[in-house]
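> missing the sequence, but the structure's below:
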Ligand code: GAP
């Protein structure tokens, strides 16, 4: 645990030191769970967004993208159920005065039990090698069976209690499991109560006539209310999707995990409209397709797992998370939800307008069912950034910090370095930049010895360093150094664009999904 904490602290300090993420309003001591992206963070975030958009919108003939406003008519949130049901169960510790999400306390406890089972499984795998049959072991080993049953029992009971609003039982569960405040060990808890996560604000200058509004807690509703606009103007045929990326706001009860849980964050969502009855087929399709998208980034298959929901949101008939192995363990990265016709029907009822589709093949009108994919951009950022940050020991015993970001996402694709600041080398380096900057984000760096510049670019995550030396003046060649292997090749300046493009093009990375 201490190792995990240290690793997470490193991630946070590296993100600050290298211009990726700053605490919001830092000079005023910051704002809790709100963060600003710096010069490199903004680039990385944009690249993740574009990687998603390319894959989801431009690579699908039947998916289009929109950009709806953050402010929406307040009835939107009545219809969607957020006014009445977008709550988290909170609990306070009477001794430490700290506030927690009751469900998260229970889930973390259940996860620890699950991890005990995993540990036994890994031990047995190491012992039996190729002969190991995991399913058989899980079904026969009493200790593992008990751990897994206990884990399931806890999560199922919690889901039932939350479903039926039995908050007294949620508290009883916390007490029975002897869950303590993780920081102080105190088990002196208040009752559990519900807390609505939406931020309210006002529209209009005159206090008397001002309209109560909410900052949107999800981008999805901007898609639902535009369903017919897009379907008609785009002449879209079911099945089709509408995607968007944008800010969402939630007054999170506990927000202590850097950019994992923020009060202002960005989502990348897609609603896929299908014929009623066909939703499970598309639910499975999108589960698989979204996992492939994540895997294409090469962060390691072992870092992902599916978690099927026990407790379904008020709008869903099936839901799963893609969980990622963050520095603090496996947590939700993306949600895939079968939302039925809940949202469109609710908007029909509240607006009095029909939100139906005429299916020419069936010759009938219906309200389509919806399968949603929803991933947090900031969580993607954290997944990519934390997994890429490595301390390596080199052959000569020295160490280096390298941020081995997937090259397609790296903020700067290449740094061009004149070996010395004289003899015309800076001019040649500038010419190379002039040529490459049309296609890639490139940087110029002439300060310090070249070895130090390599290390700086490694820590920034730049996949290539291009060094201009005296030989360049004679034969128009440079050395190109690869961040991850540190291998250096001598190549002609004219080859640079092709070499960089092969490693960073969205096309080559997305082809890995096939
Ligand atoms: N439209 C469905 C929806 O909003 P959700 O599971 O509440 O579903 C989807 O959120 C994704 O948004 C999550 O998987 C997560 O990646 C991201 N997300 C949710 N709350 C967040 C927060 N407070 N901070 C950062 N990301 C968040």
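Done, it's in. Small disclaimer: the values here were computed from a predicted structure and weren't measured.
> where do the helices sit along the stretch 51-200 of the chain?
According to DSSP state H, counting those that start in this stretch, the stretch 51-200 of the chain carries its helices in the segments 75-79, 82-85, 102-128, 134-140, 142-163, 167-176.
> can you check the stretch 351-500 of the chain too?
According to DSSP H, counting those that start in this stretch, the helices that the stretch 351-500 of the chain contains are 377-388, 425-436, 450-460, 470-475, 496-504.
> buried deepest among those, which one?
The highest average neighbour count among the helices of the stretch 351-500 of the chain, using mean count of other CB atoms under 10 Å, belongs to helix 377-388 at a mean of 23. All C-beta spots, glycine's among them, are computed from the backbone N, C-alpha and C.
> what's it packed up against?
Packed against helix 377-388 by the contact rule (3 or more CB pairs under 8 Å, 6 or more residues apart in numbering; DSSP states H and E) you find helix 2-17, helix 39-53, strand 264-274, strand 318-326, strand 329-340.
> return the most buried member of the ones you listed.
strand 264-274 (a mean of 23).
> in the helix or strand following it, what counts as buried?
Following strand 264-274 in sequence order, the next helix or strand is helix 279-295 (DSSP states H and E). Using 16 or more other CB atoms under 10 Å as the test for burial, helix 279-295 gives 279, 282-283, 286-287, 289-291, 293-294.
> show me what contacts residue 22?
If you count contacts by CB atoms under 8 Å, 6 or more residues apart in numbering, residue 22 has them with 16, 35-38.
> for the one residue in the chain that gets nearest to the ligand, name its beta-bridge partners.
Closest to the ligand within the chain is residue 376: 2.5 Å, counting by CB to the nearest ligand atom. When bridges are taken as DSSP bridges, the partners of residue 376 come out as residue 267.
> so it touches residue 264, yeah?
No - using CB atoms under 8 Å, residue 376 is not in contact with residue 264, being 11.7 Å away.
> redo the contacts of residue 22 as a markdown table? Include distance to the ligand and pLDDT.
Putting those into a markdown table (distance: CB to the nearest ligand atom, whole Å; pLDDT from 0 to 100) gives the following:
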| residue | distance to the ligand | pLDDT |
| --- | --- | --- |
| 16 | 19 | 97 |
| 35 | 10 | 97 |
| 36 | 15 | 98 |
| 37 | 13 | 98 |
| 38 | 18 | 98 |
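> what's the most distant pair in those?
Pairwise distances across these peak at 11.3 Å for 16 and 37 (criterion: CB to CB).
> quick check: pLDDT value at residue 182.
pLDDT for residue 182: 89.
> and for it, the neighbour number?
By the other CB atoms under 10 Å criterion, the neighbourhood of residue 182 contains 12 residues.
> got the residues of the stretch 301-450 of the chain near the ligand?
Contact residues of the stretch 301-450 of the chain with respect to the ligand, defined by CB under 6 Å from any ligand atom, are listed as 332-335, 372, 374-376, 378-379.
> now with 8 Å?
Applying the criterion CB under 8 Å from any ligand atom, the portion of the stretch 301-450 of the chain that neighbours the ligand consists of 313, 321, 332-335, 337, 372, 374-380.
> OK, contacts around residue 406?
Going by CB under 8 Å, 6+ apart, residue 406 touches 297-299, 384, 388, 509.
> Throw those residues into JSON lines and include pLDDT, thanks.
Listed next are the contacts of residue 406 as JSON lines, based on pLDDT from 0 to 100:
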{"residue": "297", "pLDDT": "98"}
{"residue": "298", "pLDDT": "97"}
{"residue": "299", "pLDDT": "97"}
{"residue": "384", "pLDDT": "98"}
{"residue": "388", "pLDDT": "98"}
{"residue": "509", "pLDDT": "97"}
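> ok, which pair from those is furthest apart?
Across the contacts of residue 406, no pair lies farther apart than 388 and 509, at 14.5 Å, counting by CB to CB.
> returning to what we had before: which of the helices of the stretch 51-200 of the chain is buried the deepest?
Of all the helices of the stretch 51-200 of the chain, as judged by average neighbours under mean count of other CB under 10 Å, the leader is helix 75-79 with a mean of 18.
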